[in-house]
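Enquirer: Give me coordinates for this.
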Amino acid sequence: MRHFPLFLDLRGRRVVLAGGGETALAKLRLILKTEARVTVFAADPAPALERLADEGKLTLVRRDIDEGDAVCAALVYAAADDDEADARTARIGRHAGALVNVVDNLEASQFITPAIVDRDPVVVAIGTEGAAPVLARRIKADLESRLPASLGLLARMGRAFRKAAEALPHGAQRRDFWARYYDRAGPEALARGGEAAVERALSDTLDAVVMGGRAPGHVWFVGAGPGDPDLLTMKARRALDEADVVIFDRLVAPPILELARREAVMIDAGKEGFGPSVPQAEIDATIADHARKGRQVVRLKSGDPTIFGRLDEEIAACEAAGVDFTIVPGITAASAAVAGIGQSLTRRGRNAGVRFLTGHDVQGFAEHDWQALARPGEVAAIYMGKRAARYVQGRLMMHGADPATPVSVIENASRPDQRILSTTLSRLEPDLTEAGLTGPALILLGLAPRAALALAADHPLERIAR
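Expert: Prediction:
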């Protein structure tokens, strides 16, 4: 190890930087996160530097650095993007007894600035001794996806509670308290009710540990998105990392299920796990039962849980059981499908709104305003609509829709086996039947693939390369 990792206290100490361009600004973005007194020397400072000085965030000296300018500095950065000027700054800094960093020059530097994940006061530093900066950035991105932005607030509030926590004896009991707080009680309380809820959670968790009680269960209603694991939100990934039980729908893609914690109990709430069709009451009872036992339950739903997901019924079951819950939105299939054809769900001058329909809701279809939807320029996203396609086609044409209205059917949106059927309202059937789609499909009424994605008329169905 050539570079010894440490965290230097810069509170009230002097940091000097020489340089006035983009390189200097890049370094300042990190330096200004500290409590240091920052002085910048630049004969020709960038406008952004001028603004930082006007805001009182640093002292700007509008000339080149000179002998004596680094006196009492803890750190000196040479960031002029000029070898001769940076070498001069380094000599001035060393002569003043400061540690010197010459930007992008490892050999001339006495210290290096690592990549960091900033969740102040929690800071993770990543260094590769200059050997692999791209790798350091990738590690940083991975850690940032795993560490919630709220971690800093939880740490600050936990620090303020340390004196109360000292009532617990050293050892397992105190470790159990902090583990409960940071792993579950704190994040859940913050998501539920902000800082006031976190303060209550700290006290409640302390009481539970003192009394030897079991940590309360919690239900996370998580949107699994359309199927591409890269489209999961960071919060969804964290919920899967921490779940004791995962209750998933049959449309959730297998690669997403693989992201769940290895020790988690996986319950298939689709066709194979419980037979032909799992009654909603049984799903509700399963969710509530596991949460009452103190488990962290992820109810994993394809797409977004708030769209055609029976969410209200499952929330009611949690409320009846006295179980707390959190909703984690996901990317709904309509968003993935319209991205797949290179279009937008709304466009100025064409449609100011979009309708979401489900082909499984026969009563809803019967009551729908077909005359309004038949107007030129209207757009609708029809979920689970393959079986209802003929009904939709007939209703719209009965109410005067143009037979040439474009229709796109997207199967397995966002997944490697995504397929797109480009057709018209008059050809929706028989084209859909002839295509023989077997996966989950979404019908976009009123939208055709953008020209670059358009399919040849004699080959209406074609896999789009990803």
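Enquirer: now for stretch 69-88, what's the gap between its first and last residues?
Expert: For stretch 69-88, the first-to-last residue distance is 12 Å (C-alpha to C-alpha, to the nearest Å).
Enquirer: again with stretch 208-219
Expert: Terminal residues of stretch 208-219 lie 19 Å apart, using C-alpha to C-alpha.
Enquirer: Now do the buried residues in it.
Expert: Neighbour counts over stretch 208-219 (16 or more other C-beta atoms under 10 Å) mark 208-209, 215-219 as buried. For every residue, glycine as well, the C-beta is placed using N, CA and C.
Enquirer: Name the residues that touch that stretch?
Expert: Outside of stretch 208-219, the residues within contact range by C-beta atoms under 8 Å, 6 or more residues apart in numbering are 167-168, 173, 176-177, 180, 184-185, 188, 205, 207, 287, 290-299, 314, 318, 323-326.
Enquirer: Show me how this protein divides into domains.
Expert: 14-113, 153-210, 218-328, 334-463 (automatic domain parsing).
Enquirer: In terms of mean pLDDT, which of these ranks lowest?
Expert: Here those differ in mean pLDDT, and the lowest is domain 334-463 at a mean of 84.
Enquirer: For that one, what is the distance to the chain centroid?
Expert: Its chain's C-alpha centre and that of domain 334-463 lie 29 Å apart, by C-alpha atoms, centre = their mean, to the nearest Å.
Enquirer: do stretch 307-316 as well
Expert: Remark: stretch 307-316 is offset 22 Å from the chain centroid, using C-alpha atoms, centre = their mean.
Enquirer: buried sites along that stretch?
Expert: Buried-residue list, stretch 307-316, by 16+ other C-beta under 10 Å: 307-309, 311, 314-315.
Enquirer: which residues sit against that stretch?
Expert: Contacts for stretch 307-316 (C-beta under 8 Å, 6+ apart): 219, 221, 280, 283-284, 287, 299, 301, 303, 305, 325, 327, 332, 356, 358, 360-361, 383-384.
Enquirer: go with 10 Å
Expert: Contact with stretch 307-316 is made by 219, 221, 223, 247, 249, 280-281, 283-284, 286-288, 299, 301-306, 323, 325, 327, 329-330, 332-334, 356-361, 381, 383-384, as judged by C-beta atoms under 10 Å, 6 or more residues apart in numbering.
Enquirer: ditto for stretch 105-113
Expert: 2-4, 6, 8, 27, 30-31, 75-78, 83, 86-87, 90, 93-94, 98-103, 125, 127-131.
Enquirer: rerun that using 8 Å as the cut-off
Expert: Counting by C-beta under 8 Å, 6+ apart, 3, 27, 30, 75, 78, 86-87, 90, 94, 99-102, 127, 129-130 sit against stretch 105-113.
Enquirer: quick one: Thr346 and Leu445, what's the gap?
Expert: 14 Å (C-beta to C-beta, to the nearest Å).
Enquirer: Need the overlap of contacts for the two.
Expert: Common contacts of Thr346 and Leu445 (C-beta under 8 Å, 6+ apart): Val379.
Enquirer: who's more crowded, the two?
Expert: Per other C-beta atoms under 10 Å, whichever of Thr346 and Leu445 has more neighbours is Leu445, with 26 against 11.
Enquirer: So what does the more buried one look like in phi/psi?
Expert: phi -90, psi 130 (degrees, to the nearest 10).
Enquirer: thought it was touching Trp370?
Expert: No. Counting by C-beta atoms under 8 Å, Trp370 is not a contact partner of Leu445; they are 11.3 Å apart.
Enquirer: re the thing from before, so which of the buried residues of stretch 307-316 sit within helices?
Expert: Counting by DSSP state H, these place 311, 314-315 in helices.
Enquirer: distance of the closest residue to Ala70 other than its chain neighbours from Ala53?
Expert: Of all residues not flanking Ala70 in the chain, Ala96 sits nearest, at 3.8 Å (C-beta to C-beta, 6 or more residues apart in numbering). To Ala53, Ala96 is 22 Å away according to C-beta to C-beta.
Enquirer: Likewise for Gly322?
Expert: Counting by C-beta to C-beta, the gap from Gly322 to Ala53 is 56 Å.
Enquirer: Which residue of the two possesses the greater neighbour count?
Expert: Ala53 (18 against 11).
Enquirer: May I have the residues that are in contact with the closest residue to the more buried one other than its chain neighbours?
Expert: In this structure, Ala53 finds its nearest non-sequential neighbour in Leu60, 3.7 Å apart by C-beta to C-beta, 6+ apart. If you count contacts by C-beta under 8 Å, 6+ apart, Leu60 has them with 39-40, 42, 45, 49-50, 52-53.
Enquirer: could you measure Leu60 against Asp44, distance?
Expert: In terms of C-beta to C-beta, Leu60 sits 12 Å off from Asp44.
Enquirer: Ala236 now?
Expert: Separation of Ala236 from Asp44 (C-beta to C-beta) stands at 47 Å.
Enquirer: and the two? which has more neighbours close in?
Expert: Ala236 (24 against 10).
Enquirer: how close does that one get to Gly342?
Expert: 26 Å.
Enquirer: Over to Val245?
Expert: 39 Å.
Enquirer: go on, Ser203?
Expert: If you go by C-beta to C-beta, the gap between Ser203 and Gly342 works out to 53 Å.
Enquirer: quick one: secondary structure of Arg375?
Expert: Using DSSP: H, G, I helix; E, B strand; the rest coil, the structure places Arg375 in coil.
Enquirer: wait, what's in contact with it?
Expert: Per C-beta under 8 Å, 6+ apart, neighbours of Arg375: none.
Enquirer: With Gly377 instead?
Expert: 350-351, 446.
Enquirer: just Ala285 next, same as before
Expert: Neighbouring residues of Ala285 by C-beta under 8 Å, 6+ apart: Ala317.
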